[in-house]
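Undergrad: generate coordinates for the sequence data below:
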Amino acid sequence: MTFKTVVDLFDLLDDGRCEGKAVVDFLRAIDPDAEIEECRMAGEPEGSFTDFIRVTIPGRNGKLAGGSARTIGLIGRLGGIGARPARQGFVSDGDGALAALGCAAKLLKMRHRLDVLEGDVIVSTQICAHAPTRPHDPVPFMSSCVDQYAKNDFEVVPDMDAILSVDTTKGNRIINKRGFAVSPTVKDGYILRVSEDLLTVMARTTGRPSAAFPITQQDITPYGNGLYHMNSILQPAFGTTAPVVGVAITAETQVPGCATGATHIEDVEEAVRFMVEVAKEYTAGTLDFYDEAEFALLQKRYGSLSHFRTAGKNVA
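TA: Numbering: from 1, shown residues only. As a prediction, this is how the structure comes out:
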């Protein structure tokens, strides 16, 4: 159970003074020897910054141990955990960081208790308590003081063989339910079918029917190309050729990313348990994000779609 950990992390992050060091200290209290990297990136406007956190949890037979087990990446994608001074308190958009850090804390505890996964897990996210907001339809969004390319440079690691990207996804009319939902698998410009394996784990961990949400071709292209994006949940996909699945923390109504008082701990905790279970099975080789043979056939018949991982052609 990860509920207490998520509550403790929420209390830590719900603080205008929260920076990356506080998160590192929290995780090192669980495991003093934890492999944690912290990086501060300056942003816009001048004087603003974001602290990036990356936690690596070695597996029994992972690459770090010289083994062959697969590595999974768990990325908490967001603009910021706070929108101060415009908003006071933890914003809805911060749920991505809360969920990712909840996964890191749980996996560190498991390793300390001798429940070591087969492969390595890399958890990465960012901490910014003073992020800007921006207009978006149908509700305002959180923005960020650093761009998606900078985020991918730190959060998307080449060793990741597959990625779960968790993000608050409440500001839309596409998926309106309490809890979380998964996206179709995105790989190298292709939007593939929803993974049946992930749906199975979702139903098992929540005790309810599984749920998926639709995405468009625009959603998997980089920000800044003039196209509409539902949100940033699949922005890690343009930084890798590994399969990426979005884990969307959702609501029944349209909730602005900059709204405070909108975090439902039980929904975040469910997403954490789901992601940890996926990590167990993926690194053990008993769960797949996509059908490799079908993807090879797609490429053979229709060619590469990797150009969708770029900003595209300049237009007049």
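
Undergrad: what segments of the stretch 151-300 of the chain are strands?
TA: For the stretch 151-300 of the chain, the strands defined by DSSP state E, counting those that start in this stretch occupy 162-168, 179-182, 186-187, 190-191, 244-250.

Undergrad: tabulate those strands (CSV), appending mean neighbour count.
TA: Where C-beta positions appear, they are placed from N, C-alpha and C, glycine not excepted. Output for the strands of the stretch 151-300 of the chain, formatted as CSV (neighbours: other CB atoms under 10 Å):
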stretch, mean neighbour count
strand 162-168, 29
strand 179-182, 24
strand 186-187, 26
strand 190-191, 20
strand 244-250, 28
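
Undergrad: nearest to Met110, out of those?
TA: strand 162-168 (16.9 Å; CB to CB).

Undergrad: ok so, going back, can I get the strands of the stretch 151-300 of the chain in a markdown table including mean pLDDT and distance to Gly89?
TA: Shown next, in a markdown table, are the strands of the stretch 151-300 of the chain (pLDDT from 0 to 100; distance: least, CB to CB, whole Å):
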| stretch | mean pLDDT | distance to Gly89 |
| --- | --- | --- |
| strand 162-168 | 98 | 15 |
| strand 179-182 | 98 | 22 |
| strand 186-187 | 98 | 33 |
| strand 190-191 | 98 | 36 |
| strand 244-250 | 98 | 17 |
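
Undergrad: with distance to Leu297 added, can I get those strands in JSON lines?
TA: As requested, the strands of the stretch 151-300 of the chain are exported to JSON lines (distance: least, CB to CB, whole Å):
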{"stretch": "strand 162-168", "distance to Leu297": "20"}
{"stretch": "strand 179-182", "distance to Leu297": "23"}
{"stretch": "strand 186-187", "distance to Leu297": "13"}
{"stretch": "strand 190-191", "distance to Leu297": "11"}
{"stretch": "strand 244-250", "distance to Leu297": "20"}
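
Undergrad: measure the closest residue to Pro222 other than its chain neighbours to Asp219 for me?
TA: Excluding its sequence neighbours, the residue lying closest to Pro222 (CB to CB, 6 or more residues apart in numbering) is Phe238, at 4.8 Å. For Phe238, the distance to Asp219 (CB to CB, to the nearest Å) stands at 11 Å.

Undergrad: try Asp291
TA: Distance of Asp291 to Asp219, computed by CB to CB: 22 Å.

Undergrad: next one: Pro256
TA: For Pro256, the distance to Asp219 - CB to CB - is 19 Å.

Undergrad: could you do His112 as well?
TA: Distance check for His112 against Asp219: by CB to CB, it reads 38 Å.

Undergrad: these two - which one has more neighbours?
TA: Asp219 (21 against 14; other CB atoms under 10 Å).

Undergrad: contacts only, for that one.
TA: His229, Met230, Ile233, Leu234 (CB atoms under 8 Å, 6 or more residues apart in numbering).

Undergrad: mind checking which helix or strand of this structure has the lowest mean pLDDT?
TA: Ranked by mean pLDDT, DSSP states H and E, the weakest helix or strand in the chain is strand 141-142, scoring a mean of 80.

Undergrad: tell me the strands beside that strand, with direction?
TA: Strand 141-142 has these partner strands in its sheet, going by DSSP bridges: strand 133-134 (antiparallel).

Undergrad: and the strand it pairs with, how far from the chain's centre?
TA: 20 Å (CA atoms, centre = their mean, to the nearest Å).

Undergrad: so what touches that strand?
TA: Ala83, Ala86, Arg87, Pro140, Phe141, Met142, Ser143, Gly257, Cys258.

Undergrad: tell me how far the ends of stretch 114-131 are from each other?
TA: Distance across stretch 114-131, first residue to last, is 38 Å (CA to CA, to the nearest Å).

Undergrad: right, and Met41 touches Ile53 too?
TA: No - taking CB atoms under 8 Å as the definition, Met41 is not a contact partner of Ile53, at 11.9 Å.

Undergrad: name the single longest helix found in this protein.
TA: Longest helix in the chain, counting residues (DSSP state H): helix 265-284.

Undergrad: about what we covered before: the more surrounded of Met41 and Ile53?
TA: Per other CB under 10 Å, whichever of Met41 and Ile53 has more neighbours is Ile53, with 25 against 18.
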